[in-house]
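Colleague: Take a look and give me a structure for this.
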Amino acid sequence: MALMKKKKERETKIPDAGMSDIVFLLLLFFLVSTTIDVDTGIGLTLPEYQENIENTVPLSADRLAALLVNENGDVLLNKKVIAIPQIKETLKLRIREKIDLPKNKKLVVSVKTDRKTNYNLYIQALDQVKGAYFETREEYAMSTYGAELNDLDADVQDDIRKNKIPMIISIAEPEKI
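Modeller: Residues are numbered from 1 along each chain as shown. Down below sits the predicted model:
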């Protein structure tokens, strides 16, 4: 009997020369396809700084809507307690009353907080105020022009936003309420 020579097992190896190319392509793919959520903050347009303000005119009570949010979470509109969801409807009525008046007679909403006010409550109240203006503008556009505000000419939109229903919100310095 002849001795059989034992076959030597071949070593199998996966070629890894192109592995780094694949890794870099995957890395590039994930970098390009991933979006990063960036907080944009609150969009408020602040007035320009004026050094010498000598001619200040006091607002009449019928032009001012004073919204106060205290540290206990109480919300007061013109010194009367109000629930946050009711702010929008209450302000819409006041804004509508002033649509046909000149710009210097429009409603001014003053939002004031306490330094220890819950930030979430402040944002909810501010959202209600802005919502009142947005909805009033939409209702005005629909009743006057028969179309949504964004479907109107740019000049008409500008007239509604700046002259008919300007958003006049005063963010007052926080204090103890």
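
Colleague: what pLDDT does the closest residue in space to Ala66 that isn't next to it in sequence get?
Modeller: If the residues on either side of it in the chain are set aside, Ala66 comes closest to Ser110, at 4.9 Å by CB to CB, 6 or more residues apart in numbering. C-betas here are computed from N, CA, C, even on glycine. If you check Ser110, the pLDDT there is 90.

Colleague: Can you tell me how far Ser110 is from Gly146?
Modeller: 34 Å (CB to CB, to the nearest Å).

Colleague: more crowded one of these two?
Modeller: More crowded of Ser110 and Gly146, by other CB atoms under 10 Å: Ser110, with 16 against 9.

Colleague: Spit out the contact partners of the more buried one.
Modeller: The neighbourhood of Ser110, defined by CB atoms under 8 Å, 6 or more residues apart in numbering, consists of 64-67, 169-170, 172.

Colleague: Name the SS class of Ser110, please.
Modeller: strand (DSSP: H, G, I helix; E, B strand; the rest coil).

Colleague: on that earlier part again, which of the contacts of Ser110 count as buried?
Modeller: Among the contacts of Ser110, those classed as buried by 16 or more other CB atoms under 10 Å are 65-67, 169.

Colleague: Thanks again, I'm all set now.
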